[in-house]
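*Asks:* Everything below, folded, please.
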Amino acid sequence: MIILLKLLLAHILGDFILQPNSWAKDKRKNKIKSPKLYFHILVHLIITTLLLWDLKLWPIIVFIICLHFLIDVLKIYMLNKENEVFLFFIDQALHLLVIFAALHLFTDLPLIKTEFKIEEILLFIICLLFLTKPVSVIMSNLLLKDIMDDLKTEHKSIKYAGHYIGVLERTLVFLFMICGQWEAVGFLITAKSVFSFGNLSASKDRRLTEYILIGTLISFGIAIITSLLYLNLINYV
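*Replies:* Residues are numbered from 1 along each chain as shown. Prediction:
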C-alpha cells in the first residue's frame, strides 16, 4: 500500500502540480521535439525516485517512466479539439493502469504496514492535492469550454478568481468532513449561495446561472466523494 500511495503522489505532483500550462501548450505545439516533454518526464523520474528511495524498486521506476513517455507521445500526436476531453481521461486512466501494472509485476507485497502510519499521511496529502489543480482540470474538461470562454469575455472578474475559490471551497469541505464537522460544510454551502445570489439575480444570462450552479455542485460533489473515500480507505492503511 505504501508503494502505491507514493506512486500516486508522484503522479499527481508530476502531471498536475509541477507541470505548468505553458509546458502542456509547448508539447502540443512541438510534439516530440518539445523540450518541455523531456523536462516533464525528468520531473516524473526525479519525484518517483525520491519518493520510493529504494534501489531495489528501480524496475518499477523504469517501467513507469518509459510507459509514461510513450503514453504522452501518443497523446500529443492524437490530440485535437474534438477529442481533447476524451484523451485527457484516457491518458490519466492509462497512467494509473501503468502504476497498478508495475506493482503487480515487480512487487509481491502490495500492502506494507509501517509503524508510523506513513500511509495515512500520504493518503491525506494525495486527497488534498487532488482537490486542487487536478479537480480544476477535470471540471474544465467536464464543462463546455466554449461557454466558459464566452462567460469570461462577457463577465469580467479577477484573473483566476474562480480557480482559487474552487480550490479553497473543496479543501475546506474535505477538512471539515474528515474532522466530522458536517455542520460546517452546510454553513459553507449556505455562504457560497448567499454570495452568489447577487450575481445570479443581477444577471440576465441564463447560461451564467446554469454554469455557476453546475460548477458549484460538481466542485462540492467531488470534495464530498473524496472525503468519504478518504474516511473509508483510512481504515485499511
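*Asks:* Flag every buried residue along the helix or strand in which residue 85 is found.
*Replies:* Assigned by DSSP states H and E, residue 85 belongs to helix 84-106. Neighbour counts over helix 84-106 (16 or more other Cβ atoms under 10 Å) mark 87, 88, 91, 92, 94, 95, 98, 99, 102, 103, 106 as buried. In short, each C-beta sits where N, CA and C put it, glycine included.
*Asks:* For the next helix or strand after that helix, name the packing helices and strands.
*Replies:* Where DSSP H and E defines the elements, the next helix or strand beyond helix 84-106 is helix 118-130. Contacts defined by 3 or more Cβ pairs under 8 Å, 6 or more residues apart in numbering; DSSP states H and E place helix 118-130 against helix 2-12, helix 161-178, helix 206-233.
*Asks:* if we go to 10 Å?
*Replies:* If contacts are counted by 3 or more Cβ pairs under 10 Å, 6 or more residues apart in numbering; DSSP states H and E, helix 118-130 sits against helix 2-12, helix 133-142, helix 161-178, helix 206-233.
*Asks:* Would you tell me which one of these is buried the most?
*Replies:* Stretch with highest mean neighbour count among these: helix 2-12 (a mean of 21; mean count of other Cβ atoms under 10 Å).
*Asks:* between the helix or strand just after that helix and helix 84-106, what angle do the directions make?
*Replies:* Sequence order places helix 21-30 as the next helix or strand after helix 2-12, per DSSP H and E. Comparing the axes of helix 21-30 and helix 84-106 via axes from the mean of the first three to the mean of the last three Cα atoms, to 10 degrees yields an angle of 100 degrees.
*Asks:* got the angle between whatever helix or strand comes next after helix 21-30 and helix 21-30?
*Replies:* Using DSSP H and E, the helix or strand that follows helix 21-30 in sequence is helix 35-52. Going by the same axes, to 10 degrees, helix 35-52 is angled at 130 degrees with respect to helix 21-30.
*Asks:* Would you map out the domains in this protein?
*Replies:* 2-112, 145-236 (automatic domain parsing).
*Asks:* Show me the least confident stretch of those, going by mean pLDDT.
*Replies:* Ranked by mean pLDDT, those bottom out at domain 145-236, with a mean of 73.
*Asks:* rewinding a little: same list, the domains of the chain, but as CSV with distance to residue 128 please.
*Replies:* What follows is the domains of the chain, written out as CSV (distance: least, Cβ to Cβ, whole Å):
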stretch, distance to residue 128
domain 2-112, 10
domain 145-236, 7
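*Asks:* So which of the ones you listed is nearest residue 127?
*Replies:* For the domains of the chain, proximity to residue 127 was assessed by Cβ to Cβ; domain 145-236 is nearest, at 4.9 Å.
*Asks:* how far is the helix holding residue 85 from where the chain is centred?
*Replies:* 14 Å (Cα atoms, centre = their mean, to the nearest Å).
*Asks:* tell me the contacts of the spatially most central residue of the chain?
*Replies:* The centroid of the chain falls nearest to residue 134 when counting by Cα atoms, centre = their mean (2.0 Å). Contact analysis of residue 134 by Cβ atoms under 10 Å, 6 or more residues apart in numbering lists 11, 12, 15, 16, 17, 92, 126, 222.
*Asks:* What distance do you get for it to residue 56?
*Replies:* To residue 56, residue 134 is 30 Å away according to Cβ to Cβ, to the nearest Å.
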